[in-house]
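Undergrad: Sequence and predicted structure below; questions after.
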Amino acid sequence: MIRTIISLPREIKVWFDDYSKKINKPTAETIREALRQYREKVESDKTDALSATAGLWKEKNIDGNEYVEKIRSEW
């Protein structure tokens, strides 16, 4: 594990300390878990965006390059 130093707003640090005591874990572990969850969410959001847009053009009867050129010609 790599050690790092971060600066947190006081209210966030106090919240992490209080919450960690409540769940009986070290504050550092609580912060690591929060960062893991944040990373999973960010990565999931990227996947969701790709899934949501996959296949949007499959029912179009136009070549993507032709469409881009048509749009550009309107500028």
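TA: Ah, there it is.

Undergrad: Only C-alpha atoms from now on, for both contacts and neighbour counts.
TA: Will do.

Undergrad: Please identify which helix or strand holds the residue most central in space within the chain.
TA: Residue closest to the average C-alpha location in the chain (C-alpha atoms, centre = their mean): V42, at 1.5 Å. In the assignment (DSSP states H and E), V42 maps to helix 27-53.

Undergrad: helices or strands up against that helix?
TA: helix 10-23 (3 or more C-alpha pairs under 8 Å, 6 or more residues apart in numbering; DSSP states H and E).

Undergrad: So which elements touch the helix it packs on?
TA: Using 3+ C-alpha pairs under 8 Å, 6+ apart, helix 10-23 is in contact with helix 27-53.

Undergrad: how far does the helix or strand following the helix it packs on sit from the chain's center?
TA: Using DSSP H and E, the helix or strand that follows helix 27-53 towards the C-terminus is helix 64-73. The chain centre lies 32 Å from the centre of helix 64-73; the measure is C-alpha atoms, centre = their mean, to the nearest Å.

Undergrad: Would you mind writing the CA trace of helix 64-73 as CSV?
TA: C-alpha atoms of helix 64-73 as CSV (Å, rounded to 0.1, in the frame of the first residue of the first chain):
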residue,chain,number,x,y,z
GLY,A,64,-21.8,7.8,-40.8
ASN,A,65,-19.1,9.6,-42.8
GLU,A,66,-21.8,10.9,-45.3
TYR,A,67,-23.8,12.2,-42.4
VAL,A,68,-20.8,14.0,-40.9
GLU,A,69,-20.0,15.6,-44.2
LYS,A,70,-23.6,16.7,-44.7
ILE,A,71,-23.7,18.3,-41.3
ARG,A,72,-20.4,20.0,-41.9
SER,A,73,-21.6,21.4,-45.2
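
Undergrad: pLDDT score for the residue nearest to the centre of the chain?
TA: As predicted, V42 sits at a pLDDT of 87.
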